[in-house]
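# Sharing a model that was predicted from the sequence below.
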Amino acid sequence: MSLTLEQLQDRLAKLETSRNAGNDPLSQEIAALQGLVEQFNNIESDHFKQAAFLQQLFDLIPIGIAIHINGIITMINPTGVRVLRARSEEELLGKKAIDFVHPDFRERAMMRIQQLLDEPAQTDFSTVPFVEEKFLTVDGEPFDVEAAGIRMAPTEEGTPILVLWRDITEQKRQHRALEESEARFRQLVSLLPDGVVIHKDQKIIFVNEAAVKMMKVDEPEQLIGRTVGEFLLPEERTFVEQRIQQLLTRWEALPISKNHLVRPNGETFLVEVRAFPFMERGEKAILLVVRDITEQERMREELEKREARFRLLADLLPAVVYLVDEHGEVLYLNQSLDDWWGYSLDEIKTMDYFKIIDREDLLHALKVFRSLKLGESAYYELRVLDKSGAAHWVAVRTTKTMLEDRIVGLGVALDITWRKEMEQALKQLTHRLVTSLEEERRRIANELHDEVGQQLVGMKFALERALRQVQPTAARDAIQDAMHQLADLTEQVRELSLSFRPAMLDNLGLLPTLLWHFKRYAARTGIHVRFQQKGLDEVRLPQSHAITIYRVVQEALTNIARHADVDEAAVEIRVSSDRLFLKIVDNGRGFAPDEVLRNYQSTGLKGMMERVELLSGELTIHSQPQKGTTILATIPLSSPSDFSQ
């Protein structure tokens with residue numbers, strides 16, 4: 001029979017009283033009882049210490065712990081109070097435990113509690129394992145938990161159920177985020193045009209659709225589970241194994257490599273491989289991005305062959321072949337430069353081009369190139385100094401194009417100094433020819449005026465004297481008729497002399513000569529000339545300019561009289577500080593200038609253009625059938641040419 005501490009103490013007191021009364025046989029029992037009381041006191045002290053430790057553990061443990069009896073919460077630790085978002089344990093004690101279980105999980109929670117209560121009574125402790133549920137805070141907000149239950153020893157009040165739970169809301173959120181991230185990763189990988197392969201311990205565990213197509217198999221399962229080495233050439237396996245070991249050791253991405261892969265059907269093809277470290281379910285794996293570069297490599301080899309042929313051809317050309325980017329950096333030059341200008345290729349690539357190319361020419365070339373669209377070409381000429389300082393004329397044909405995602409200019413520069421020299425020599429020869437022509441015209445005009453004209457005047461005087469002496473009527477009539485013919489001949493000689501070269505152009509200048517010509521032209525043709533000028537009366541033009549303007553106006557008005565079928569023409573001359581502008585307009589029949597010039601139907605038009613070009617000027621003709629004609633000429637006044645002397 002076991003006694004409680006209180007019963008032992010009570011019995012000990014009675015025995016002590018009996019002993020004091022002289023009952024000695026009880027002394028031994030009293031001593032035994034005193035020892036038993038001391039033992040009970042020691043046990044109670046140890047129990048108190050253990051209870052204190054368990055209470056401290058109960059308060060500090062980072063999971064929620066609560067005890068409910070008959071479904072009523074009787075104890076809860078601070079973590080449980082905090083997780084349920086209560087202000088204190090008093091707010092929870094006495095409440096129904098099931099009220100803090102989400103309605104969707106209450107039925108299952110009740111079944112778990114009943115399972116604990118139904119365990120055999122001789123079992124001191126019965127448990128139900130952790131399962132995922134949803135609890136509610138005191139505010140009714142749901143959150144995810146892992147919960148387990150323990151049945152404790154029955155008491156007079158009932159059987160206590162100890163509930164343990166852990167808040168896994170953040171854990172589940174992270175898990176969902178991980179799943180979503182993995183789903184996005186797999187979706188992204190499935191859309192990539194490159195093959196993606198993941199292998200662990202060299203065994204393939206994942207391939208995307210592009211890798212399936214690349215390997216020419218029907219489904220991923222034909223690749224998954226097989227080793228990487230099965231798809232490598234024997235001579236490349238050691239290299240690949242070394243790269244795998246290097247990646248796993250350093251745990252960082254490897255540089256791109258090129259390997260040959262062998263398809264299950266035996267075909268071999270070249271790939272470009274990028275390798276990255278990859279964690280698969282907490283274990284080290286390797287992610288490969290594989291690109292089939294067989295065709296790319298074939299095209300690269302073909303391009304290299306073509307480039308070699310291009311370089312060979314370019315080096316043989318008697319011209320500079322160049323490639324520059326949009327910033328002026330030289331990307332390529334052929335070998336012809338050494339033969340032409342004495343500069344080495346390295347000197348050309350690093351020099352300041354403004355030192356060897358005329359500044360205005362270079363700025364014009366840059367402006368032209370920047371205005372080009374991709375695929376368009378342009379032509380321009382540059383003045384270039386060679387290493388000895390001698391000047392060269394260079395004709396450049398450049399095309400704007402793309403090269404490796406860069407805008408570049410591909411061009412050919414040809415030394416045309418000889419052509420310029422020939423053009424200059426031809427120009428000088430033409431100058432001399434025109435000068436000789438004008439001199440001959442002036443000589444003929446002078447001879448017609450001075451010699452033939454004087455003789456005709458002398459003959460007229462002789463006939464007049466004969467007329468005064470001759471008496472018969474028939475003789476007088478004959479002489480009178482001869483005098484009329486002589487007068488006509490004199491007028492024709494005078495007109496011929498003026499058309500060759502009006503003397504007043506040399507004596508009075510261009511403006512009076514033009515005014516005289518317009519008056520004489522109107523009298524002969526009936527076509528009125530509407531004339532406007534600005535600045536012509538304030539300058540004394542060089543004879544070369546004066547005779548050119550006069551001849552252009554003379555030829556244009558002659559063509560109007562012959563072909564335009566109008567009764568009015570307009571001539572306008574404006575003189576600035578450095579240029580003279582001429583404009584001749586009629587509203588007549590018009591014509592097609594290109595066709596006329598191409599078919600050499602008008603030497604007069606060609607002559608006008610050549611005369612203006614000899615003065616470094618420009619003459620353009622704008623005309624269409626039935627829409628009139630406009631002739632525009634611009635002549636610089638600084639030209640040294642003077643072919644009138």
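Sure thing, it's come through.
# Low-confidence ranges, the stretch 201-350 of the chain, go.
Applying pLDDT under 70 to the stretch 201-350 of the chain picks out residues 310-318, 335-342, 345, 349.
# and if we set it to 80?
The stretch 201-350 of the chain contains residues with pLDDT under 80 at 281-282, 303-304, 306-323, 326-350.
# where do the helices sit along it?
209-214, 234-250, 294-316, 336-341, 345-350 (DSSP state H, counting those that start in this stretch).
# Same list (those) but as a markdown table, adding distance to Glu538 and mean neighbour count.
(Glycine included, C-beta is placed from N, CA and C.) Converted to a markdown table, the helices of the stretch 201-350 of the chain look like this (distance: least, Cβ to Cβ, whole Å; neighbours: other Cβ atoms under 10 Å):
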| stretch | distance to Glu538 | mean neighbour count |
| --- | --- | --- |
| helix 209-214 | 82 | 18 |
| helix 234-250 | 88 | 13 |
| helix 294-316 | 57 | 12 |
| helix 336-341 | 47 | 17 |
| helix 345-350 | 50 | 12 |
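# Any chance of CSV for those, columns distance to Gly509?
Below are these laid out as CSV (distance: least, Cβ to Cβ, whole Å):
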stretch, distance to Gly509
helix 209-214, 87
helix 234-250, 92
helix 294-316, 58
helix 336-341, 48
helix 345-350, 53
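# Out of these, the one nearest Ala395 is which?
helix 336-341 (13.0 Å; Cβ to Cβ).
# Looking at the helices of the stretch 201-350 of the chain, which is nearest to Gln174?
Of these, nearest to Gln174 by Cβ to Cβ is helix 234-250, at 26.9 Å.
# contacting residues around the closest one?
202, 228-229, 232, 253-254, 257, 259-260, 275-277, 284, 286 (Cβ atoms under 8 Å, 6 or more residues apart in numbering).
# Filter these down to the buried ones and hand me the PyMOL line.
Here is the PyMOL command that selects the buried residues among the contacts of helix 234-250 (16 or more other Cβ atoms under 10 Å):
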select buried, resi 228+232+254+259+275+286
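# which of the contacts of helix 234-250 lies closest to Ala211?
The closest of the contacts of helix 234-250, once distances to Ala211 are taken by Cβ to Cβ, is Val228, at 12.2 Å.
# For whatever helix or strand Phe105 lives in, buried residues please.
Take DSSP states H and E as the rule and Phe105 turns out to sit in helix 103-117. For helix 103-117, burial by neighbour count (16+ other Cβ under 10 Å) applies to Phe105, Ala109, Arg112, Ile113, Leu116.
# when you check the contacts of helix 234-250 against the strands, which ones overlap?
Within these, residues falling in strands by DSSP state E are Ser257, Asn259, His260, Ala275, Phe276, Pro277, Lys284, Ile286.
# a markdown table for those, including distance to Gly411?
Shown next, in a markdown table, are the ones in strands among the contacts of helix 234-250 (distance: Cβ to Cβ, whole Å):
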| residue | distance to Gly411 |
| --- | --- |
| Ser257 | 39 |
| Asn259 | 41 |
| His260 | 41 |
| Ala275 | 43 |
| Phe276 | 44 |
| Pro277 | 49 |
| Lys284 | 55 |
| Ile286 | 49 |
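# From Ile635, how far off is Leu614?
10 Å (Cβ to Cβ, to the nearest Å).
# shared neighbours of these two, which are they?
Thr548.
# Of these two, which one has the most company?
For Leu614 and Ile635, the more surrounded residue by other Cβ atoms under 10 Å is Ile635, and the numbers stand at 25 against 20.
# wait, is the more buried one part of a strand?
Yes. According to DSSP: H, G, I helix; E, B strand; the rest coil, Ile635 belongs to a strand.
# re the thing from before, just the closest of the buried residues of helix 103-117 to Glu267, please.
Phe105 (57.6 Å).
# residue contacts, the closest residue to the closest one other than its chain neighbours?
Of all residues not flanking Phe105 in the chain, Glu133 sits nearest, at 4.5 Å (Cβ to Cβ, 6 or more residues apart in numbering). Under the criterion of Cβ under 8 Å, 6+ apart, the contact list for Glu133 reads Val101, His102, Phe105, Arg108, Ala109, Asp144, Val145, Glu146, Ala147, Trp165.
# As JSON lines, these with distance to Leu580 would be great.
Below are the contacts of Glu133 laid out as JSON lines (distance: Cβ to Cβ, whole Å):
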{"residue": "Val101", "distance to Leu580": "106"}
{"residue": "His102", "distance to Leu580": "101"}
{"residue": "Phe105", "distance to Leu580": "104"}
{"residue": "Arg108", "distance to Leu580": "108"}
{"residue": "Ala109", "distance to Leu580": "109"}
{"residue": "Asp144", "distance to Leu580": "96"}
{"residue": "Val145", "distance to Leu580": "101"}
{"residue": "Glu146", "distance to Leu580": "102"}
{"residue": "Ala147", "distance to Leu580": "106"}
{"residue": "Trp165", "distance to Leu580": "105"}
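# which of those are buried?
Looks like the contacts of Glu133 have Val101, His102, Phe105, Ala109, Asp144, Val145, Glu146, Ala147, Trp165 buried, using 16+ other Cβ under 10 Å.
# measure the closest residue in space to the first one that isn't next to it in sequence to Leu511 for me?
Put plainly, it is Val101. Once flanking residues are discounted, Val101 sits nearest to Ala109: 4.8 Å by Cβ to Cβ, 6+ apart. Going from Ala109 to Leu511 by Cβ to Cβ gives 119 Å.
# go on, Ala275?
In this view, Ala275 and Leu511 are 89 Å apart by Cβ to Cβ.
# out of the buried ones among the contacts of Glu133, who's nearest Arg173?
Closest approach to Arg173 among these (Cβ to Cβ): Asp144, at 8.7 Å.
# for the closest one, what are its contacts?
Glu132, Glu133, Lys134, Asp167, Ile168, Thr169, Gln171, Lys172.
# Name the next helix or strand downstream of the worst-scoring helix or strand of the chain on mean pLDDT, please.
Lowest by mean pLDDT, DSSP states H and E among the helices and strands of the chain is helix 27-60, with a mean of 56. Sequence order places strand 64-69 as the next helix or strand after helix 27-60, per DSSP H and E.
# residue closest to the middle of the protein?
By Cα atoms, centre = their mean, the chain has its centre lying nearest to Asp405, at 7.7 Å.
# Nearest to Lys373, out of the contacts of Glu133: which one, please.
For these, the nearest to Lys373 is Asp144 (62.9 Å; Cβ to Cβ).
# The closest one belongs to a helix?
No. Read with three-state DSSP, Asp144 is strand and lies in no helix.
# Bridge partners for it, pull those for me.
Lys134 (DSSP bridges).
# So it versus Gln174, what's the distance?
12 Å.
# Grab the nearest non-local neighbour of Gly229.
Arg237 (5.3 Å).
# ok, now Val83?
Looking at Val83 with Cβ to Cβ, 6+ apart, the closest residue is Gly64, at 4.8 Å.
# Are there helices or strands packed against the helix holding Phe105, and which ones?
Judged by 3 or more Cβ pairs under 8 Å, 6 or more residues apart in numbering; DSSP states H and E, helix 103-117 is in contact with strand 126-136, strand 142-151, strand 160-167.
# What number of residues are in the vicinity of the closest residue to Asp567 other than its chain neighbours?
The shortest distance from Asp567 to any non-neighbouring residue, by Cβ to Cβ, 6+ apart, is to Ile527 (5.8 Å). For Ile527, the count of nearby residues is 19 (other Cβ under 10 Å).
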